[in-house]
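J.: Here is my input, please return the structure:
(2 chains)
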Amino acid sequence: DAGVTQSPTHLIKTRGQHVTLRCSPISGHKSVSWYQQVLGQGPQFIFQYYEKEERGRGNFPDRFSARQFPNYSSELNVNALLLGDSALYLCASSLIGVSTNTGELFFGEGSRLTVL
Amino acid sequence: RKEVEQDPGPFNVPEGATVAFNCTYSNSASQSFFWYRQDCRKEPKLLMSVYSSGNEDGRFTAQLNRASQYISLLIRDSKLSDSATYLCVVGYNDYKLSFGAGTTVTVRA
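T.: Okay, here's the model as predicted:
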């Protein structure tokens, strides 16, 4: 079975540009979360979507937006890119939310964004 | 103050050794606790959940101290394949996990 797939795997943008990152969750998973991981740091929560509704948002500016489609895939959009947006963007899927019983998120390999 | 703080290490240990490290969390309302493992330039993967009574999974033992708000992980009989970054993870709602910056462990032959 396919795991979480993300695209593109690597990309380079310049300041001020816009980027769209895509994620397909594990088949049967209805929840998708997005995390940003800066080099040397742990993943930081950006968004969670469940059944196409935003359920939670982390401490990120409005330049960051996301959506989930009827097939449960998701897009993360970042506008007006800054140098500090350079990071690994991880998508994770789970059956429902992050259950307090299991807490297991299944991560994709990430999209590595470099902003010049 | 960071939500989850960890000693970054690195912990450099020989094969067969025991290594232990902790993390602390700031939100006393936290409900769920985990250790994730992340190999170099790879995605994080769940290693084990952490329960109040403490729990073991093979060579790995996790402990939770709610009063002091810290979580520990102990690895016995270290293997070369245990070399990785270990992420301490805390959840207090159903949609967000808070990750520490990770503790790097290197096991040498």
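
J.: Every contact and neighbour count from this point should use C-alpha atoms.
T.: OK.

J.: Bridge partners for residue B:35, pull those for me.
T.: residue B:48, residue B:88 (DSSP bridges).

J.: Contact partners for it?
T.: By Cα atoms under 8 Å, 6 or more residues apart in numbering or on different chains, the contact set of residue B:35 is B:46-50, B:73, B:86-89.

J.: Make JSON lines from these and add pLDDT and neighbour count to it.
T.: Output for the contacts of residue B:35, formatted as JSON lines (pLDDT from 0 to 100; neighbours: other Cα atoms under 10 Å in any protein chain shown):
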{"residue": "B:46", "pLDDT": "93", "neighbour count": "19"}
{"residue": "B:47", "pLDDT": "95", "neighbour count": "16"}
{"residue": "B:48", "pLDDT": "93", "neighbour count": "21"}
{"residue": "B:49", "pLDDT": "91", "neighbour count": "22"}
{"residue": "B:50", "pLDDT": "92", "neighbour count": "23"}
{"residue": "B:73", "pLDDT": "97", "neighbour count": "23"}
{"residue": "B:86", "pLDDT": "98", "neighbour count": "27"}
{"residue": "B:87", "pLDDT": "97", "neighbour count": "30"}
{"residue": "B:88", "pLDDT": "97", "neighbour count": "28"}
{"residue": "B:89", "pLDDT": "94", "neighbour count": "29"}
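
J.: near chain A, which residues of chain B show up?
T.: By Cα under 8 Å from any Cα of the partner chain, the part of chain B that sits against chain A consists of B:31-34, B:42-46, B:49, B:87, B:91-102.

J.: filter these to the buried ones?
T.: Among these, those buried by neighbour count (16 or more other Cα atoms under 10 Å in any protein chain shown) are B:32-34, B:43-46, B:49, B:87, B:91-102.

J.: Looking at the residues you listed, which are in strands?
T.: Judged by DSSP state E, the subset of those located in strands is B:32-34, B:44-46, B:49, B:87, B:91, B:97-99.

J.: Show me the two of the residues you listed that sit farthest apart.
T.: B:32 and B:44 (17.2 Å; Cα to Cα).

J.: Can you list the low-confidence ranges for chain A?
T.: Within chain A, the stretches with pLDDT under 70 are A:1, A:97-103.

J.: Which stretches in it count as strands?
T.: Ranges of strands in chain A, per DSSP E, are A:5-7, A:10-13, A:19-24, A:31-37, A:44-50, A:53-57, A:64-68, A:74-78, A:87-94, A:106-107, A:111-115.

J.: Next, see if the first one gets close to chain B.
T.: Same thing as strand A:5-7. No. Applying Cα under 8 Å from any Cα, one finds strand A:5-7 out of contact with chain B, separated by at least 11.6 Å.
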